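Visitor: got a predicted structure here, sequence first:
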Amino acid sequence: KQEVTQIPAALSVPEGENLVLNCSFTDSAIYNLQWFRQDPGKGLTSLLLIQSSQREQTSGRLNASLDKSSGRSTLYIAASQPGDSATYLCAVNVIGAGNMLTFGGGTRLMVKP
Amino acid sequence: DVKVTQSSRYLVKRTGEKVFLECVQDMDHENMFWYRQDPGLGLRLIYFSYDVKMKEKGDIPEGYSVSREKKERFSLILESASTNQTSMYLCASRTSSPVGKTQYFGPGTRLLVL
């Protein structure tokens, strides 16, 4: 069974720092990996989706990489801002599981002014 | 923009009550999902539906049922609410193909069972 782990569980950084969030998964047979953002008490917003054949995706200050063979993904946030404070979740779409996602536990990020 | 709405943001119910959580999407998506989210346990899939009147159990279906009579609406039913069903409930939808498409989430319903 696919397991998705995110480290660290929580992170606090000063504004302006570049930071990396980590996601690892146990089964490399995936269609894609996605990163979501969740603000407190709210739903999830999709940030980046990386297909299994891709190595990375970029959107603004966000860059996500995927190393399928090692079962790892990173989300890089450049020049962090207080507005980036949220919980970041990664999820994988496993081959053979239809359109179901398996989620990691999330990293709670706080960017201090 | 895709919009997924949930009938309530906050709900307080008593043990033993029958509870209905409604989810509506406006993008003609075939697939719809119900998750619950708990601290330390992350998001767990309760049920999903890949088409009208079709449903599949997720990881934690016990104590729940679902209904999908129309394509745009997916309901989660707690037949007899219990305190351990206090949680945040999230609905999501996506198109069935191609496979590499994201899920779109609603704002969530925070349910408290007393």
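Guide: Structure received. Just so we're clear, the structure is a prediction, and the values are computed from it rather than from any experiment.
Visitor: up against chain A, what does chain B have?
Guide: Residues of chain B lying near chain A by CB under 8 Å from any CB of the partner chain: B:4, B:31, B:33, B:40-43, B:45, B:48, B:50, B:56, B:58, B:88, B:90, B:92, B:94, B:96, B:99-108, B:110. Bear in mind the C-beta positions are built from the backbone N, C-alpha and C, glycine included.
Visitor: one more time with 6 Å
Guide: Chain B comes close to chain A at residues B:N31, B:G42, B:L43, B:L90, B:R94, B:V99, B:G100, B:T102, B:F105, B:G106, B:P107, B:G108, as judged by CB under 6 Å from any CB of the partner chain.
Visitor: now a ChimeraX select for only the buried ones of the residues you listed.
Guide: In ChimeraX, a selection of the buried entries from those looks like this (16 or more other CB atoms under 10 Å in any protein chain shown):
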select /B:31,42,43,90,94,102,105,106,107,108
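Visitor: format the residues of chain B next to chain A as CSV; extra columns: pLDDT.
Guide: Formatted as CSV, these follow (pLDDT from 0 to 100):
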residue, pLDDT
B:N31, 92
B:G42, 87
B:L43, 92
B:L90, 96
B:R94, 90
B:V99, 64
B:G100, 66
B:T102, 84
B:F105, 94
B:G106, 95
B:P107, 94
B:G108, 95
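Visitor: quickly find the element holding the most centrally placed residue in chain B.
Guide: Among the residues of chain B, the one closest to the centroid is B:W34, at 2.7 Å (CA atoms, centre = their mean). Using DSSP states H and E, B:W34 sits in strand B:31-38.
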